[in-house]
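1. Return a 3D structure for these sequence lines:
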Amino acid sequence: MTESERPQRFSMIREFSLADLLTLGNGACGVVSVFLCLQYIAEDEPRFLWTAFLLLPAAFVLDALDGWVARKTKKGSRLGGDLDSLADTISFGVAPAVLAYTLGMRGAWDAIILVLFVLCGIARLARFNVTAEELAGPSGKVKYFEGTPIPTSLGIVAVLGVAFWMDAVHADLWFGQARLGPWLLHPLAVLYAVSGSLMISTIRIPKP
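-> Next up is the predicted model:
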């Protein structure tokens, strides 16, 4: 095999663009938010949880900026699409689910709903990655999302933030709890079931 026939080694660090670094910042916000939830559970210190809340809107800003920077600089990378989906899974899927658990949605039905919510987010992002080219058509630009985008979970995060501010958490969660069969359900967790269902639906959302 000649030198020219050998497969080129992929250099991940050199492949990163500024947009990719912003995407990684998005993912970092989600990971730190999860860590702060764990710190709050361990120490019952509200400042940890407030910071966990605030990091998720920050992740959204970085998520919006990475696309804007990629378009302006025209220096996207082959990693961009996959990085974006993986970061979004953490910041808008896993982290909001962990917030719910942290604030008291710990019944077995709650856990099932939260797991399904994250799985719906993963499936939604995978579907977009697979169908983006088809949805773009001749124009090369995707005109609409199929299913609600995963960052819409920030709406639930906002609801939980208000509940935390009003001290309506843990045993005082809005709508209380119900026993369905052998397991507990906090009706507030149904918000996650609705959000997950909308993400994997075929509703068309115009893309800005």
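
2. Could you pull out the buried residues of stretch 82-93?
-> Leu83, Asp84, Ser85, Leu86, Ala87, Asp88, Thr89, Ile90, Ser91, Phe92, Gly93 (16 or more other Cβ atoms under 10 Å). (Each C-beta comes from the backbone N, C-alpha and C, glycine too.)

3. I'd like to know which elements the helix or strand where the first one lies is packed against.
-> In other words, Leu83. Using DSSP states H and E, Leu83 maps to helix 80-89. Counting contacts by 3 or more Cβ pairs under 8 Å, 6 or more residues apart in numbering; DSSP states H and E, helix 80-89 packs against helix 18-43, helix 46-73, helix 108-136.

4. contact partners of the helix or strand that that helix is followed by?
-> Per DSSP H and E, the first helix or strand lying C-terminal to helix 80-89 is helix 95-102. Contact partners of helix 95-102, identified using Cβ atoms under 8 Å, 6 or more residues apart in numbering, comprise 30-31, 33-34, 37, 40-41, 49, 52-53, 55-56, 59, 110-111, 114-115, 117-118, 153-154, 156-157, 160, 188-189, 192.

5. Mind checking which of those are buried?
-> Using 16+ other Cβ under 10 Å, the buried members of those are 30-31, 33-34, 37, 40, 49, 52-53, 55-56, 59, 110-111, 114, 117-118, 153-154, 156-157, 160, 188-189, 192.

6. ok, now which ones touch the residue nearest the centre of the chain?
-> Nearest to the geometric centre of the chain sits Phe92, at 1.7 Å (Cα atoms, centre = their mean). By Cβ under 8 Å, 6+ apart, the contact set of Phe92 is Gly30, Leu56, Ala59, Phe60, Gly121, Ile150, Pro151, Ser153, Leu154.
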